[in-house]
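S.K.: Show me the folded form of this:
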Amino acid sequence: MVKMSLRGEKRRSKRKAKSVLITGASGFIGSHLVEEGLKRGYEVWAAVRRTSSRQYLTDPRIRIAELDLADPEHLSEQFQHDATGDFRFDFVVHNTGITRARNAEEFYRINEGLTRNLVTSLEVTGFIPDKFLFISSLAAIGPGDPVLMQPITDDTPPNPVDPYGKSKLAAEHFLESRPGFPFLIVRPTGVYGPRERDYLQVYRTISRGFELYAGTSSQRISFIYIGDLVRIVFDALESAFTGSTWVVSDGRNYSAREFSALVKQILGKRTVSVVVPAGVVKGLAAALQSVARPFGQVPLLNRDKARILTSRNWQCDPSGIFGDLHFTPAYDLEQGLKETIRWCREQGQI
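M.R.: Residues are numbered from 1 along each chain as shown. A predicted model of the protein is given here:
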């Protein structure tokens, strides 16, 4: 691995391999994005914090960039340090973000603020890439109508119900406000696969014989396997599109019971099914958050998570991006869960 230094990049500017900077590279989605970039022959720069784990960033081809996204002035200095003026990243994939926070301000500071800092630094230093792809979330739109149960589409008016979704939408609005800035936005639904931690708790609960539902077992949900998400990201970068915003899923919608049934089948488990009333879920989330607050912690079940879990309609229709990019997912939910659970077992997580 090579830490970030732009020294000598002028001499390398005629390289054949295109470069991509991936922020949040040490995490679940980010580390898979790095692997996909390497697989496609890119010069991959993995942007991480100094304290970030490098567990999944051990390939010697990876160039490590310890970028300070929280300090725009320092970030600009990092881009300019020893640069000769003609180096820039061909592509940037901005994946840094948080899904749990102590308060709304923290969501906005990270999800919207760091996006603002990165884009501004790229602009003032002249490092504007050919494409800047922002990993947003279906939560930026919010759940679909719980009565009509129509799928969320690219054209669904955003109405996020939690600070996470609102902060992602604020970051999208900032990108849209930059004249001529070559952005793309993808809004993935629930992303699962090896290295993911939230759905892991569901697999573990089912492996112990319990099948839990928040508010209702008739919730409609959608998913995208991590391998398909990273493929779609790079296909979008390599496309002719800019200024586009797409929802992303595997193209199918499932009931919560269908999801649990597949997990049970793969694990070979029988379960006791329990539907926890929505009011109880929200009350428990509030209690857990109150207990954790003095310690500066955010529990897995918190008020924001409860809003998501108790919303009935998270179906989505990704036909827009499938048509634009001529993309076909390689995994449906059953195939993806088999790969994921196999990996979790190999790692001793289940």
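
S.K.: now the helices: where do they sit in this protein?
M.R.: 28-39, 72-80, 104-107, 113-125, 163-176, 198-207, 226-237, 256-267, 278-292, 303-309, 319-325, 333-346 (DSSP state H).

S.K.: Can you name the residues that contact V92?
M.R.: V20, L21, I22, T23, L118, L122, P129, K131, F132, L133 (C-beta atoms under 8 Å, 6 or more residues apart in numbering). All C-beta atoms are positioned from the backbone trio N, CA, C, and that covers glycine.

S.K.: And the pLDDT at M4?
M.R.: M4 carries a pLDDT value of 56.

S.K.: Make residue 1 into 36 and carry on from there
M.R.: All right, first residue 36 from here; so that's M39.

S.K.: which intervals of the stretch 36-185 of the chain have sub-threshold pLDDT?
M.R.: 36-50, 116-122 (pLDDT under 70).

S.K.: Of the helices of the chain, give the one that comes closest to R96.
M.R.: Nearest to R96, of all the helices of the chain, is helix 63-74, at 5.7 Å by C-beta to C-beta.

S.K.: hang on, the earlier thing: tabulate the contacts of V127 (CSV), appending neighbour count.
M.R.: Conversion of those to CSV gives the following (neighbours: other C-beta atoms under 10 Å):
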residue, neighbour count
V55, 27
L56, 27
I57, 33
T58, 26
L153, 23
L157, 22
P164, 21
K166, 19
F167, 25
L168, 25
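
S.K.: before we move on, the earlier item: now tabulate the helices of the chain in a markdown table and tack on distance to I220.
M.R.: Below are the helices of the chain laid out as a markdown table (distance: least, C-beta to C-beta, whole Å):
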| stretch | distance to I220 |
| --- | --- |
| helix 63-74 | 15 |
| helix 107-115 | 21 |
| helix 139-142 | 17 |
| helix 148-160 | 11 |
| helix 198-211 | 6 |
| helix 233-242 | 22 |
| helix 261-272 | 10 |
| helix 291-302 | 26 |
| helix 313-327 | 29 |
| helix 338-344 | 20 |
| helix 354-360 | 11 |
| helix 368-381 | 23 |
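
S.K.: Compare those and report which one is nearest to M184.
M.R.: Per C-beta to C-beta, nearest to M184 of those: helix 291-302, 13.5 Å.

S.K.: So which bits of that closest one are buried?
M.R.: A291, F294, S295, A296, L297, V298, K299, I301, L302 (16 or more other C-beta atoms under 10 Å).

S.K.: average pLDDT for that helix?
M.R.: Per-residue scores along helix 291-302 average to 96.

S.K.: then it to CSV, C-alphas only?
M.R.: Extracted in CSV, the C-alpha atoms of helix 291-302 (Å, rounded to 0.1, in the frame of the first residue of the first chain):
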residue,chain,number,x,y,z
ALA,A,291,-40.5,-9.6,5.7
ARG,A,292,-41.6,-13.2,6.1
GLU,A,293,-40.1,-14.2,2.8
PHE,A,294,-36.8,-12.8,3.9
SER,A,295,-36.9,-14.7,7.2
ALA,A,296,-38.0,-17.9,5.5
LEU,A,297,-35.0,-17.8,3.2
VAL,A,298,-32.6,-17.2,6.2
LYS,A,299,-34.2,-20.1,8.1
GLN,A,300,-33.9,-22.4,5.1
ILE,A,301,-30.3,-21.6,4.6
LEU,A,302,-29.5,-21.9,8.3
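
S.K.: Run the angle between that helix and helix 233-242 for me.
M.R.: On the basis of axes from the mean of the first three to the mean of the last three C-alpha atoms, to 10 degrees, helix 291-302 is oriented at 70 degrees to helix 233-242.

S.K.: can you list the residues that contact helix 291-302?
M.R.: 237-238, 241-242, 246, 248, 251-256, 258, 305-306, 308, 368-369, 372-373, 376, 385.

S.K.: how about a cut-off of 6 Å?
M.R.: Y238, I241, S242, E246, Y248, S252, Q254, T306, E369, L372, K373, I376 (C-beta atoms under 6 Å, 6 or more residues apart in numbering).

S.K.: Read off the pLDDT value for the nearest residue to the fifth one once chain neighbours are set aside.
M.R.: Spatial nearest neighbour of Y248, chain neighbours left out: V310 (4.6 Å); criterion: C-beta to C-beta, 6 or more residues apart in numbering. Predicted confidence (pLDDT) for V310: 82.

S.K.: And T251, by the same measure?
M.R.: Confidence score, pLDDT, at T251: 68.

S.K.: now I261: how far from S274?
M.R.: Here the criterion is C-beta to C-beta, to the nearest Å. By it, I261 lies 20 Å from S274.

S.K.: more neighbours, these two?
M.R.: I261 (25 against 16; other C-beta atoms under 10 Å).

S.K.: Contact partners for the more buried one?
M.R.: Counted by C-beta under 6 Å, 6+ apart, I261 has contacts H67, V226, G228.

S.K.: on that earlier part again, a markdown table for the contacts of V127, including distance to Y91?
M.R.: Shown next, in a markdown table, are these (distance: C-beta to C-beta, whole Å):
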| residue | distance to Y91 |
| --- | --- |
| V55 | 17 |
| L56 | 17 |
| I57 | 12 |
| T58 | 15 |
| L153 | 22 |
| L157 | 26 |
| P164 | 24 |
| K166 | 24 |
| F167 | 23 |
| L168 | 20 |
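
S.K.: tell me which of these is nearest to R380?
M.R.: I57 (28.3 Å).

S.K.: beta partners of that closest one?
M.R.: For I57, the beta-bridge partners under DSSP bridges are A81, V128.
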